[in-house]
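[1] Prediction below, plus the sequence it came from.
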Amino acid sequence: MNDTVLDCKNISKSFKEADLEVDVLQQINLTIKKGEQVAIVGSSGAGKSTLLHLLGGLDTPTTGEVWVAGKQIGSLNQAKLGSWRNLHLGFVYQFHHLLPEFTALENVCMPLLIKGLTVADAKDKATTILNQIGLEKRLKHKPGELSGGERQRAAVARALVTEPSCVLADEPTGNLDKRTAEQVYERILELNNMIGTSLVLVTHAPDLAKRMDRTLTLVDGKFIDS
């Protein structure tokens, strides 16, 4: 288990709509090893985002267990879950979710401050990763002053700055043009390889999926052979 950073066992997720119960995920088993890069593909409505939310502890499965860095996260209270998530997981979404009133540097500092670093250490570490991702001239700019690609790169930096065990990325460039999306993907992969973090990526881009160590296809809430 030492090289396993994320493990889900027989997880299912159902939602009730009026008198109907909709099975979104059915008996999913998935193991992510340290440093592994995995793409999850499938049509809209297949359950990809729901699965990512369960893996990240943002939602709870109807049945089954999710383990992150050796802990069954369903057994943790909200405070402990938040701390464990901050320590071991990073998140990148289709929309950057940067806080608009703070600069790029301040946004990237926040996970480090929550983790307990001093302001000076957090700024040093955040500055380093923003430099690595090509935003060295944009540290003091707020999200509204950044381009779409720059905002997403800042979001990637925020996800990776704590050097988490695993990054969960949900269509992180879905709202960018093809050229900008490719640049952001390159930065994600470069930093991911540099830090040694595992990566679980939901994507509709076949070319990117091919660059992962393996690709899993979700159809109607179940994995099928790709």
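    It's in. Numbers count the residues shown, from 1 in each chain.

[2] any idea which residue sits dead centre in this protein?
    L168 (2.0 Å; CA atoms, centre = their mean).

[3] Now do the helix or strand harbouring that residue: which elements does it pack against?
    Of the helices and strands defined by DSSP states H and E, L168 is found in strand 166-170. Packing partners of strand 166-170 (3 or more CB pairs under 8 Å, 6 or more residues apart in numbering; DSSP states H and E): helix 48-55, strand 89-92, helix 148-160, helix 178-195, strand 198-202. Every residue, glycine included, has its C-beta placed from N, CA and C.

[4] how close does the residue nearest to the centre of the chain sit to A159?
    Distance from L168 to A159, counting by CB to CB, to the nearest Å: 8 Å.

[5] Now do the strands in the chain.
    4-17, 20-33, 37-41, 63-68, 71-72, 89-92, 166-170, 198-202, 214-219, 222-224 (DSSP state E).

[6] The shortest one pairs with which strands?
    Paired with strand 71-72 in the same sheet, following DSSP bridges, are strand 63-68 (antiparallel).

[7] got the angle between the strand it pairs with and helix 48-55?
    Angle of strand 63-68 versus helix 48-55, following axes from the mean of the first three to the mean of the last three CA atoms, to 10 degrees, is 70 degrees.

[8] Flag the shaky bits of the protein, pLDDT-wise.
    Along the chain, the model assigns pLDDT under 70 to residues 1-2, 173-176, 225-226.

[9] A39 touches D207, doesn't it?
    No. Judged on CB atoms under 8 Å, A39 makes no contact with D207 at a distance of 10.6 Å.

[10] What is the burial count for the residue nearest to L199 when sequence neighbours are not counted?
    Counting by CB to CB, 6 or more residues apart in numbering, L199 lies nearest to Q37, which is 4.5 Å off, once chain neighbours are set aside. For Q37, the neighbour count with other CB atoms under 10 Å is 20.

[11] Tell me the buried residues in stretch 97-113?
    98, 103-112 (16 or more other CB atoms under 10 Å).

[12] For that stretch, C-alpha coordinates in PDB please.
    Taking C-alpha atoms only, stretch 97-113 is exported to PDB below (Å, rounded to 0.1, in the frame of the first residue of the first chain):
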ATOM      1  CA  HIS A  97     -12.000  29.300  -9.100                       C
ATOM      2  CA  LEU A  98      -9.400  31.800  -8.200                       C
ATOM      3  CA  LEU A  99     -10.500  34.400  -5.600                       C
ATOM      4  CA  PRO A 100     -11.000  37.600  -7.600                       C
ATOM      5  CA  GLU A 101      -9.900  40.000  -4.900                       C
ATOM      6  CA  PHE A 102      -6.500  38.400  -4.400                       C
ATOM      7  CA  THR A 103      -3.400  38.400  -6.700                       C
ATOM      8  CA  ALA A 104      -2.100  35.300  -8.400                       C
ATOM      9  CA  LEU A 105       0.600  35.100  -5.700                       C
ATOM     10  CA  GLU A 106      -1.900  35.400  -2.900                       C
ATOM     11  CA  ASN A 107      -4.200  32.800  -4.400                       C
ATOM     12  CA  VAL A 108      -1.300  30.300  -4.700                       C
ATOM     13  CA  CYS A 109      -0.100  31.100  -1.200                       C
ATOM     14  CA  MET A 110      -3.500  30.200   0.400                       C
ATOM     15  CA  PRO A 111      -3.100  26.300   0.500                       C
ATOM     16  CA  LEU A 112       0.300  26.800   2.000                       C
ATOM     17  CA  LEU A 113      -1.000  29.100   4.700                       C
END
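
[13] Fine by me, we can end here.
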